[in-house]
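K.L.:
the amino acid sequence is not available; the structure is as follows:
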Ligand code: CA
């Protein structure tokens, strides 16, 4: 439920936060940053600045604050301390607060800071909840049966690789792997030829559960600490050859990029919507995945965008080109259903675990969240306004994700960027 921290009239004495497209005072996302020549620590983004949380505590401005160089311990505490911190920081940064002159000395310009992964990620799981992506990709390979029979019953996922999840801005190398084209009798080994992006949102786990102790759907939201943007870079040619029978392996594990800020469930409260009803004829989820309250308000209205910036565009000062506009509402499963399904066998989650939603595409071309969909698996290259063409990504290309939540009567908030450049 919206509270005083969401008040649209609320303004900050941090002047660049007012009308900021990403980080107005109504957002207050958590992250880990290092000022120039300083150690990593917890902070909250406000406009073009970051508030140093441990320093606020030292100066008696906050009672609840995340200590340490990761947020894992704080995320594990759940919604109570997170909400208290949000209330305290909202008051502290609001126009008219008596501590403004002291707090001003505890702000850092974001442009002068290094942003780190917000948590040590113990485990990373990638779901496949974007039904339009599943349908469009399924049609490419199985025109008669694009969705496999389990899709509408099981929140499909696989265990990803946590070690190669990197924060926005970290470039990565083009992976090598086994490639086998249809006319090749045997595979060869070399650089991936079909390197792709996947437009996803990320889900941060807060309090975990004990092994053997599933999280019921009615309590799943209490285990979610926040959200980010996530690019599940994918080597399509390697994937096509390796994925049967056990699923993705080296085609996905070389790099995953996430945005640095944890946008909390509290910040997103005004942007909750009902889970869109399933199309007529689809099965109702099994009882362990069904909760009336989750269906009423378990989805979000968050616009997701993917942009491309090629080396030529960069050299010419051309702004990034939008490839896709989608929305988190296109997920077939709610985040609570993902948490409950993941733990339904007794699997334990831990604070700082990360889920990917799966590629969230819209039903039509303007919202396709991968080049696999946009170029029909490379068969129909897209032409850029400057005359360049792309089947898949070329060296030096950069993919940038952005996300914004809007609702009537609420100040819009953003997620910050999730971007990375492909190296040779
Ligand atoms: Ca994926």
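P.N.:
Good, I have the coordinates. No experiment lies behind these values; they were computed from the predicted model shown.
K.L.:
wait, residue 225 sits on residue 205?
P.N.:
Yes. Using Cβ atoms under 8 Å, residue 225 is in contact with residue 205, at 6.3 Å. Glycine gets a C-beta too; all of them are placed from N, C-alpha and C.
K.L.:
shared neighbours, these two?
P.N.:
The contact sets of residue 225 and residue 205 overlap at 75, 351 (Cβ atoms under 8 Å, 6 or more residues apart in numbering).
K.L.:
which parts of the stretch 51-200 of the chain are strands?
P.N.:
107-109, 113-116, 124-127, 157-159, 165-167, 172-173, 176-179, 188-191, 195-196, 199-205 (DSSP state E, counting those that start in this stretch).
K.L.:
do the stretch 201-350 of the chain as well
P.N.:
For the stretch 201-350 of the chain, strands defined by DSSP E, counting those that start in this stretch occupy the ranges 224-231, 234-235, 256-258, 272-273, 299-300, 302-309, 321-327.
K.L.:
may I have the strands that pair with the fifth one, each with its orientation?
P.N.:
This means strand 299-300. Strand pairing for strand 299-300, using DSSP bridges, gives strand 272-273 (antiparallel).
K.L.:
quick one: mean pLDDT over the partner strand.
P.N.:
Average pLDDT, strand 272-273: 98.
K.L.:
list the buried residues for the longest helix anywhere in the chain?
P.N.:
Using DSSP state H to define each element, the chain has its longest helix at helix 79-93. Burial within helix 79-93, assessed by neighbour count using 16 or more other Cβ atoms under 10 Å, is assigned to 79, 81-83, 85-93.
K.L.:
and what of stretch 52-64?
P.N.:
Applying 16+ other Cβ under 10 Å to stretch 52-64 flags 52, 53, 54, 55, 56, 57, 61, 62, 64 as buried.
K.L.:
can you tell me what sits against it?
P.N.:
By Cβ under 8 Å, 6+ apart, the list of residues contacting stretch 52-64 from outside reads 35, 41-44, 65-67, 81, 84-85, 88-89, 92, 99, 102-103, 106-108.
K.L.:
next one: stretch 126-133
P.N.:
Against stretch 126-133 from outside (Cβ under 8 Å, 6+ apart): 134, 147, 151, 155-158, 160, 200, 232, 248, 252, 330-333, 338, 355-363, 367-370, 373.
K.L.:
those residues also near the ion: which ones?
P.N.:
With Cβ under 5 Å from the ion as the criterion, the contacts of stretch 126-133 include residue 232 near the ion.
K.L.:
about what we covered before: between the strands of the stretch 51-200 of the chain, which gets nearest to residue 6?
P.N.:
Nearest to residue 6 among the strands of the stretch 51-200 of the chain is strand 199-205 (20.5 Å), distances taken as Cβ to Cβ.
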